[in-house]
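**Q** Show me how the following folds:
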Amino acid sequence: MTWFEPQRGEEQLREFFITALIDMGASLILQDEDGTYVCITALPPQWRLEAGARPTDESIFGPEIGQRLTEIKSTLVKAGDRADLEIEAGDDSFFEFRCRLVEMTDAKLHLITVVIDRTEDRRRERLLRALLREVSHRSKNLLAIIQSIASQTARYAGTLDMFLGKFRGRLHALSQSQDLITDSSWRGAYFRDLLKQQVDRYVQENADLVHVSGDDVLLTPNASLHIGLALHELVVNAVSHGDFLQRRRPIEVTCTRLDTPQGPMVRILWVEPFGIADADDIKAVKTNRFGSTVLERVVPSSVNGTAQHEFGQAEIRYELTFPLEIFD
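**A** Okay, here's the model as predicted:
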């Protein structure tokens with residue numbers, strides 16, 4: 001239903017409709033049954049009618065768009081016929097032309113063309129498609145990481161219970177890192193946040209025994225997942241097989257950004273106090289500590305880096321060095 005108060009006058013009504021059309025990003029074109037232009041409202045700034053020129057599809061929209069409009073309008077022969085056309089204006093803007101043949105109160109046919117600016121809609125569609133492709137890509141990467149974790153865990157787990165315990169812990173570490181990545185709009189995660197996750201989970205009451213220093217580097221999503229996994233292995237091993245809690249001797253963790261001729265690098269150093277002096281006992285502890293493959297092979301290869309994992313009589317050292325991807 002359409003209604004308006006006659007006393008308001010045509011001038012106010014015209015101003016209302018034109019303002020509303022501009023706000024909607026739409027314009028109206030009315031032509032009579034001979035194709036002669038009767039009215040144009042709120043024409044987009046991409047097109048204009050030269051002073052003194054007679055309005056036609058070609059004189060307003062140019063030869064290419066004008067010809068396409070003339071062709072689709074020629075297919076409309078009776079009241080109710082309609083045709084749509086999408087136009088790219090050449091400046092990354094898109095417009096939809098809706099042509100309708102209607103019968104007016106005088107029983108004569110008129111052609112109404114509604115021009116709607118679809119630029120923002122197209123941009124949102126492109127952004128959504130890009131986001132969906134990115135989610136698909138990251139999901140595949142995440143599934144590949146999970147498959148690798150499952151394979152490595154199964155290879156070195158002696159029993160099903162041992163496998164499930166290790167695998168669940170690693171998946172939880174992965175999910176925590178993924179939460180940080182998601183919260184940052186997929187930019188990645190900071191090193192100290194990754195470490196804090198593992199410390200809070202396993203040694204929350206003794207968090208003061210894990211000292212961190214150096215640079216709080218923002219890591220890429222891929223690096224965040226694997227560094228988070230490495231920190232999980234180190235913390236769990238320290239709690240399960242170390243003696244730093246009993247001796248109250250802190251673990252020192254350092255993250256350093258390095259400028260090298262090959263580009264920026266990150267060096268992560270984990271130094272855990274160790275109180276075993278006998279070489280055979282050191283060998284036994286190293287054997288009992290699971291995750292060596294993850295720390296020495298899986299994580300370094302996944303971040304294109306190198307790792308050193310050393311067991312000494314006084315301390316355990318794990319050093320990981322890898323290229324730093326710079327964010328724009």
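**Q** rest of the way, CA atoms for contacts and neighbours
**A** OK.
**Q** and the chain, what are its domains?
**A** 8-117, 122-323 (automatic domain parsing).
**Q** tell me the most buried of these?
**A** Sort the domains of the chain by mean neighbour count, taking mean count of other Cα atoms under 10 Å, and domain 122-323 sits at the top with a mean of 17.
**Q** which one is residue 210 nearest to, not counting chain neighbours?
**A** Spatial nearest neighbour of residue 210, excluding adjacent residues (Cα to Cα, 6 or more residues apart in numbering): residue 251 at 4.8 Å.
**Q** can you list contacts of stretch 176-193?
**A** With contacts defined as Cα atoms under 8 Å, 6 or more residues apart in numbering, stretch 176-193 is touched by 194, 197, 212, 216-222, 224-225, 228, 255.
**Q** In TSV: the residues you listed, plus secondary structure, pLDDT and distance to residue 149.
**A** Putting those into TSV (DSSP: H, G, I helix; E, B strand; the rest coil; pLDDT from 0 to 100; distance: Cα to Cα, whole Å) gives the following:
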residue	secondary structure	pLDDT	distance to residue 149
194	helix	96	18
197	helix	94	19
212	strand	96	27
216	coil	96	26
217	coil	96	25
218	strand	95	24
219	strand	95	20
220	coil	93	19
221	helix	90	17
222	helix	90	14
224	helix	94	15
225	helix	92	12
228	helix	94	13
255	strand	97	25
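**Q** from the residues you listed, which is closest to residue 128?
**A** Each of the contacts of stretch 176-193 was checked against residue 128 using Cα to Cα; the closest is residue 221, at 20.0 Å.
**Q** so what's the closest one closest to, chain neighbours aside?
**A** residue 188 (4.3 Å).
**Q** now that neighbour: how far from residue 171?
**A** 18 Å (Cα to Cα, to the nearest Å).
**Q** do residue 218 as well
**A** Residue 218 sits 22 Å away from residue 171, going by Cα to Cα.
**Q** Equivalent analysis for residue 88, please.
**A** 48 Å.
**Q** And residue 134, by the same measure?
**A** Distance from residue 134 to residue 171, by Cα to Cα: 22 Å.
**Q** swap in residue 141?
**A** Using Cα to Cα, residue 141 is found at 14 Å from residue 171.
**Q** With residue 125 instead?
**A** Where residue 171 is concerned, residue 125 sits at a distance of 34 Å (Cα to Cα).
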